[in-house]
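> I'll drop the sequence and a predicted model, then ask my questions.
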Amino acid sequence: MTGTGDTEEQLRRTLETLAAGIEAAPPEYRRARAQWRGRERRRRLILAILIALVFAVADVIGLWALNQAAESPSVIFEDPASVSTPGPADLLGPP
């Protein structure tokens, strides 16, 4: 049976051996990361342009539809004689 000190020493040596074989940041990683960031920036820019374009087209369509409306008077205000302002007696009522 081995003691805990031997196990810890063996684990330490194994981890040091593994850590020695790892590079901090290889140049391929930096290049791949830069390419990925470039693609991400391009994707966001294209998405922002597409959203602005859809918004502009919707505005143009809405303005065109409003411009095509008939010039007849509104139905809501067709009978101005029936509209009257309330007098002081009309304002009295239950609390």
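It's in.
> State the mean pLDDT of the helix or strand hosting residue 51.
Using DSSP states H and E, the element containing residue 51 is helix 27-67. Helix 27-67 carries an average pLDDT of 95.
> gap between it and the chain center?
Averaging C-alpha positions (C-alpha atoms, centre = their mean, to the nearest Å) puts helix 27-67 12 Å from its chain's average.
> same check, this time on stretch 58-72
With C-alpha atoms, centre = their mean, you get 29 Å for stretch 58-72.
> same thing with stretch 55-73?
Relative to the chain's own centre, stretch 55-73 is displaced by 28 Å; criterion: C-alpha atoms, centre = their mean.
> CA atoms of that stretch as CSV?
Coordinates of each C-alpha in stretch 55-73 appear next as CSV, following Å, rounded to 0.1, in the frame of the first residue of the first chain:
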residue,chain,number,x,y,z
PHE,A,55,-37.7,49.1,-42.0
ALA,A,56,-37.2,51.6,-44.9
VAL,A,57,-39.3,49.4,-47.3
ALA,A,58,-42.1,49.1,-44.7
ASP,A,59,-42.1,52.9,-44.3
VAL,A,60,-42.2,53.5,-48.0
ILE,A,61,-45.1,51.0,-48.4
GLY,A,62,-47.0,52.6,-45.5
LEU,A,63,-46.6,56.1,-47.0
TRP,A,64,-47.6,54.9,-50.4
ALA,A,65,-50.7,53.3,-49.0
LEU,A,66,-51.6,56.5,-47.1
ASN,A,67,-51.1,58.5,-50.3
GLN,A,68,-53.5,56.2,-52.2
ALA,A,69,-56.4,56.9,-49.7
ALA,A,70,-59.4,58.7,-51.0
GLU,A,71,-59.6,62.5,-50.3
SER,A,72,-63.2,62.2,-49.0
PRO,A,73,-64.0,63.7,-45.6
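> Any chance you could list what contacts that stretch?
Contacts of stretch 55-73 from elsewhere in the structure, counted by C-beta atoms under 8 Å, 6 or more residues apart in numbering, are absent. In short, each C-beta sits where N, CA and C put it, glycine included.
> buried sites along that stretch?
Residues of stretch 55-73 include none that count as buried (16 or more other C-beta atoms under 10 Å).
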